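Peer 1: What would the 3D arrangement of this be:
(chains A and B)
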Number of protein chains: 2
Amino acid sequence: MSGFGFELLTTDGRARSGRISTAHGVIETPAFMPVGTAAAVKAMTPDAVAETGAQVILGNTYHLMLRPGAERVQRLGGLHRFMNWPGPILTDSGGFQVMSLAELRTVSEAGVTFRSHIDGALFELTPERSIEIQDILGADIVMAFDECTPWPADEATAAKSMRLSMAWAERSRAAFAGRAGSGLFGIVQGSVYDDLRRESAETLVEMGFDGYAVGGLAVGEGQETTFRVLDTCLPLLPDDRPRYLMGVGKPADLIGAVARGIDMFDCVLPTRSGRTGQAFTRRGAVNLRNARHAEDPRPVDSACACPACRDYGRAYLHHLVRSGEILGSMLLTWHNLTYYQDLMAAMRDAIAGATFDAFAAAFAQQQAQGDIEPL
Amino acid sequence: MSGFGFELLTTDGRARSGRISTAHGVIETPAFMPVGTAAAVKAMTPDAVAETGAQVILGNTYHLMLRPGAERVQRLGGLHRFMNWPGPILTDSGGFQVMSLAELRTVSEAGVTFRSHIDGALFELTPERSIEIQDILGADIVMAFDECTPWPADEATAAKSMRLSMAWAERSRAAFAGRAGSGLFGIVQGSVYDDLRRESAETLVEMGFDGYAVGGLAVGEGQETTFRVLDTCLPLLPDDRPRYLMGVGKPADLIGAVARGIDMFDCVLPTRSGRTGQAFTRRGAVNLRNARHAEDPRPVDSACACPACRDYGRAYLHHLVRSGEILGSMLLTWHNLTYYQDLMAAMRDAIAGATFDAFAAAFAQQQAQGDIEPL
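Peer 2: Here you go, the predicted model:
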């Protein structure tokens, strides 16, 4: 089994295009990873996910350890086989969901104990256990276990939390050592404080990881702050390792982050929005629940080749959303994931052609035109 | 546009195989029609429905007239185009759902007035309006408007209800006259009373329809009574017209009805069951929610070629059902519709080979073996 690797192909300003190689295939970057929380990308078959252009998906350690259980997935042949996704999988460390979902949480230097939000069962996550779970799931990209700093946090709290994450990163690295075929990413923390972000980035680079993530953003701090944090910490990371902005974001967030040197993203936005009637288009977001679509035969986006745009009009999608039909969630999720993958492909092309700035300007202009094109 | 036609191909005892031709394609009989209540077969794309082998689907006049509205569907190009189903569509008359779903219902000889269960809006359905709605939706097979007799009903109530339906059948026929390209079916009523069923069948045959349905069954009377009613009324119907048993049923119900001369079925059972974790197999029904499937890597049915059986084990489907993942509904609906279509194809083959009795006996034996085959 070949291991993890990254090749930087082109740069255009600070924007980068590259290739991540894994045992389950290649990921072209900048890449967007659809979220497959509970061993499924919601409302999508894996075939459909692949048809959107996605080359890698994300699995959630927290959800999978609770149900069906990591060891059960292992006995059933690992996560790829269990969920019938043959391509690369990145798993998160569980740190973020433990903070946002678990009950009766106790954090110590050793790790976190908590109760399942599903049935109240008691669990423990430590750096060592998180790495073990991700390994037995069969992840191609493994994330270091971290504490996701709450937001807002004062500087002292953020510093303490970041330094705990750095200690856990070192333990994650030690637990990961010797495991072949996958890559381990460290996660830069430090909330909105530039000095803490710098300290975190430098600490992780000193340890040495296969890739570097920026965590603890997109939690309410705003796009301007997100971008400032990226401007602060990305220059400190080595060029020959991929950079992953966790949990981001809207199309304009992705473009701004790629412009600053980010290579990878994950976000529930395209899938979750698809289940609530919202579609992303070249001209901005469209709410299909809105009555103005009730008799509109035009596709959501005439430039999109997904089944929702190819086979149906807005009037039909509006009807499905209003009727609560599962097919509405299926088609709009398919569309949104296609939109996100098309956007990533367009960014890769623009970087290859050294036209990224022009691409970003044209994108902003088009989004400002309103969501329906002239008849 | 070619019109409606029926060709009887083979008989084996009272079982029949044939071909219905419509403007949107051929339907091989015996046929099972998946239910697409609100212009969608729940949790399925039309492509997926076609892949299961379905050649015709059913649309519900009651649901479509309430939302999105029949005239709106007409303005959007008709039901086939609206929902992207290019094959034949049968629409019911609305009579059954008016009785089971509508609020503040008033039945008179003229028709039924009622309030929408969605928003309380006032509607009227008459034989003339039901035929008009089905026509502007673009149905290939149109059903006469009837009153679905409540069950249980005493004989006097059942007689009065049946005779009202016969008067409405005559008005439906008059309203339908001159409409090209589709076929009109009359509906035999009369509850569980053989003399009423005979009177109803003879009355309809006297009027003359393109096909004949048996309605008001599968409402709680039990399989033995259903079959007795079929034994009573099917011999009175002309051989050269298709016969449709409405709202039925379980696999064994379909086999027993085909044995008695039924050509067409519709039922929500495969789709609804798919959304609640139940799968139909050669060895009976399986509840995937059951804990005994949690680590079972075997497919739901190893003889089934559907994506759920081809790509996934019971353990994964169990996980999806327990987790409330939409993908579980999608895969189990796909499986169940495939099972139903495979069953119809096997019955057509058995009739063509004059082995229907042996087929039915083998089916019963296999279902009795328990739902999991030996490892």
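Peer 1: hang on, A:Q366 packs against A:D301?
Peer 2: No: judged on CB atoms under 8 Å, A:Q366 makes no contact with A:D301 at a distance of 11.0 Å. (C-beta placed from N, C-alpha, C; glycine too.)
Peer 1: so how far is the host helix or strand of A:L104 off the chain centroid?
Peer 2: Counting by DSSP states H and E, the element that carries A:L104 is strand A:103-107. Computed by CA atoms, centre = their mean, to the nearest Å, the chain-centroid distance of strand A:103-107 equals 25 Å.
Peer 1: now that strand: mean pLDDT?
Peer 2: Average pLDDT, strand A:103-107: 87.
Peer 1: again, but for stretch A:169-176
Peer 2: Mean predicted lDDT for stretch A:169-176 stands at 98.
Peer 1: try stretch A:144-162
Peer 2: 95.
Peer 1: And that stretch, what's buried?
Peer 2: Of all the residues in stretch A:144-162, those buried under the rule 16 or more other CB atoms under 10 Å in any protein chain shown are A:A144, A:F145, A:D146, A:E147, A:C148, A:T149, A:A153, A:A158, A:A159, A:S161, A:M162.
Peer 1: which of A:Q366 and A:D301 has more neighbours?
Peer 2: Regarding A:Q366 and A:D301, a neighbour count based on other CB atoms under 10 Å in any protein chain shown identifies A:D301 as having more, with 24 against 14.
Peer 1: Which of the three states applies to that one?
Peer 2: Using DSSP: H, G, I helix; E, B strand; the rest coil, the structure places A:D301 in coil.
Peer 1: just checking, it touches A:R310?
Peer 2: No: counting by CB under 8 Å, A:D301 stays clear of A:R310, with 10.6 Å between them.
Peer 1: The helix or strand encompassing A:A346 near chain B at all?
Peer 2: Per DSSP H and E: A:A346 is located in helix A:326-352. Yes: counting by CB under 8 Å from any CB of the partner chain, chain B has neighbours in helix A:326-352: A:I326, A:L327, A:S329, A:M330, A:L331.
Peer 1: quick check: angle from that helix to helix B:326-352?
Peer 2: 120 degrees (axes from the mean of the first three to the mean of the last three CA atoms, to 10 degrees).
Peer 1: What is whichever helix or strand comes after helix A:326-352 packed up against?
Peer 2: Later in the chain than helix A:326-352, the nearest helix or strand by DSSP H and E is helix A:356-367. Under the contact criterion of 3 or more CB pairs under 8 Å, 6 or more residues apart in numbering or on different chains; DSSP states H and E, helix A:356-367 touches helix A:251-259, helix A:326-352.
Peer 1: What are the contacting residues of helix A:356-367?
Peer 2: Contact with helix A:356-367 is made by A:12-13, A:15, A:251-252, A:255-256, A:258-259, A:282-284, A:346-347, A:350, as judged by CB atoms under 8 Å, 6 or more residues apart in numbering or on different chains.
Peer 1: picking that back up, with respect to B:E103, which of the residues of helix A:326-352 next to chain B is nearest?
Peer 2: A:I326 (25.5 Å; CB to CB).
Peer 1: How about the residues of chain A by chain B?
Peer 2: A:38-47, A:67-68, A:72, A:75-77, A:82-84, A:275, A:294-295, A:297, A:307, A:311-313, A:315-316, A:319-320, A:322-323, A:325-327, A:329-331.
Peer 1: try it again with 7 Å
Peer 2: Residues of chain A lying close to chain B by CB under 7 Å from any CB of the partner chain are A:38-40, A:42-45, A:67-68, A:72, A:75-76, A:82-84, A:294-295, A:297, A:307, A:311-313, A:315-316, A:319-320, A:322-323, A:325-327, A:329-330.
Peer 1: Buried members of these into ChimeraX, please.
Peer 2: Remark: buried members of those, expressed as a ChimeraX selection using 16+ other CB under 10 Å:
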select /A:38,39,40,42,43,44,45,67,68,72,76,82,83,84,294,307,312,313,315,316,319,320,322,323,325,326,327,329,330
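Peer 1: Helices - which of the residues of chain A next to chain B land there?
Peer 2: A:72, A:75, A:82-83, A:307, A:311, A:315-316, A:319-320, A:322-323, A:326-327, A:329-330 (DSSP state H).
Peer 1: tell me which of those residues is nearest to B:N60?
Peer 2: Using CB to CB, these come closest to B:N60 at A:S323, 11.6 Å.
Peer 1: Look up the pLDDT of the closest one for me, please.
Peer 2: Value listed for A:S323 in the pLDDT field: 98.
Peer 1: In contact with it, which residues?
Peer 2: Contact partners of A:S323, counting by CB atoms under 7 Å, 6 or more residues apart in numbering or on different chains, are B:A38, B:R67.
Peer 1: before we move on, back to that, pull out the buried positions in the helix holding A:A346.
Peer 2: So, applying 16+ other CB under 10 Å, buried residues of helix A:326-352: A:326-344, A:347-348, A:350-351.
Peer 1: could you check the angle helix A:356-367 makes with that helix?
Peer 2: 150 degrees.
Peer 1: Between helix A:314-323 and helix A:326-352, find me the angle.
Peer 2: Using the same axes, to 10 degrees: helix A:326-352 against helix A:314-323 is 130 degrees.
Peer 1: spatially speaking, which residue is in the middle of chain A?
Peer 2: Nearest to the geometric centre of chain A sits A:D266, at 1.1 Å (CA atoms, centre = their mean).
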